[in-house]
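A.B. asks: dropping the sequence and predicted coords here.
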Amino acid sequence: MTIPYRQIRAAFTEEAITVYQAYDPAIADPAVAAQRFVPPFKRERMTWIKPSFLWMMYRCGYATKPGQTRVLAVDISREGFEWALRHSCLSHPGDGVDPEVWRRRLRESPVRVQWDPERGPRHNPLSYRSIQIGLSGDAVTRYLDRWTLRITDLTGRVHDIRQALRDGHDITDMLPVERPYPLPDELARITGASERAVPAGR
């Protein structure tokens, strides 16, 4: 099996896509209770959402890093997700992109996109990339007030997966099922998604 170098893979339905974030209990508890992000969550700051569960596990150390001890699955509308991609700018200019055009779009866009190496269960980098999406300004407002459909605390499940890894078990069946997201051509172009495939697992 081969996987495109830059491909969005996620758990999704016809209406929603699941993204992941990790916070401390002071932010996570009120968010789960209200089913939306509320203070002390700060709207003024850029917030990063990640469709890859294993990349989130790499980032938060399976919910062990300070300030990231609670892992949340946030179901947002696909309409909102695609709005974010449509209004995004790559954090770094891609090949063949006019630097001035890129800098102008960077100033004007409320969303940042970057592609980082996907990670395996033990945080090993893989040969293909995973998308991270940074929301600011109007995009944060839309995320909090319009796009969010459900917030689920996955921390207990994350701890179980970490323990299973430490015990040497196969965790495949414990992970969310992530499929290639059907990205319209326009959004593939804006985000720098690619069709070129690399062998899976390398």
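C.D. replies: Perfect, thanks for sending it.

A.B. asks: any idea of the mean pLDDT for stretch 40-47?
C.D. replies: The average pLDDT within stretch 40-47 is 96.

A.B. asks: which residues are contacting it?
C.D. replies: Applying CB atoms under 8 Å, 6 or more residues apart in numbering, the contact partners of stretch 40-47 are 21, 23, 26-27, 30-31, 112, 134-136, 140-141, 143-144. All C-beta atoms are positioned from the backbone trio N, CA, C, and that covers glycine.

A.B. asks: show me the contact partners of the longest helix seen in the chain.
C.D. replies: The longest helix of the chain (DSSP state H) is helix 155-166. Under the criterion CB under 8 Å, 6+ apart, residues 28, 57, 62-64, 69-71, 121-122, 171, 174-175 lie in contact with helix 155-166.

A.B. asks: farthest-separated two in those?
C.D. replies: Ala28 and Arg122 (25.0 Å; CB to CB).

A.B. asks: so which of these two has more stuff around it?
C.D. replies: Neighbours of Ala28 and Arg122, each counted by other CB atoms under 10 Å, are more numerous for Ala28; the result is 22 against 10.

A.B. asks: which residues does the residue nearest the centre of the chain contact?
C.D. replies: With distances taken as CA atoms, centre = their mean, Lys50 lies nearest the centre of the chain, 0.8 Å away. The contact partners of Lys50, by CB under 8 Å, 6+ apart, come to 19-21, 56, 59, 130-133.

A.B. asks: try 6 Å this time
C.D. replies: Lys50 sits next to 20, 56, 132 when contact means CB atoms under 6 Å, 6 or more residues apart in numbering.

A.B. asks: about what we covered before: just the buried ones from the contacts of stretch 40-47, in ChimeraX syntax?
C.D. replies: Buried members of those can be picked out in ChimeraX with the line below, counting by 16 or more other CB atoms under 10 Å:
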select :21,23,27,31,112,134,135,136,140,143,144
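
A.B. asks: which of the contacts of stretch 40-47 sits closest to Ala188?
C.D. replies: When these are compared against Ala188 (criterion: CB to CB), the nearest one is Arg112, at 17.0 Å.

A.B. asks: distance of the closest residue in space to that closest one that isn't next to it in sequence from Pro182?
C.D. replies: Excluding the flanking residues, the one nearest Arg112 by CB to CB, 6 or more residues apart in numbering is Gly134, at 3.7 Å. Gly134 sits 23 Å away from Pro182, going by CB to CB, to the nearest Å.

A.B. asks: show me the strands in this protein, by range?
C.D. replies: All strands of the chain, identified by DSSP state E, fall at 2-4, 9-10, 16-23, 47-49, 70-77, 88-90, 111-119, 125-135, 148-153, 179-180, 197-199.

A.B. asks: now distance to Phe41 too, for the ones you listed, in a markdown table please.
C.D. replies: Listed next are those as a markdown table, based on distance: least, CB to CB, whole Å:
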| stretch | distance to Phe41 |
| --- | --- |
| strand 2-4 | 34 |
| strand 9-10 | 23 |
| strand 16-23 | 8 |
| strand 47-49 | 8 |
| strand 70-77 | 11 |
| strand 88-90 | 21 |
| strand 111-119 | 18 |
| strand 125-135 | 12 |
| strand 148-153 | 11 |
| strand 179-180 | 29 |
| strand 197-199 | 37 |
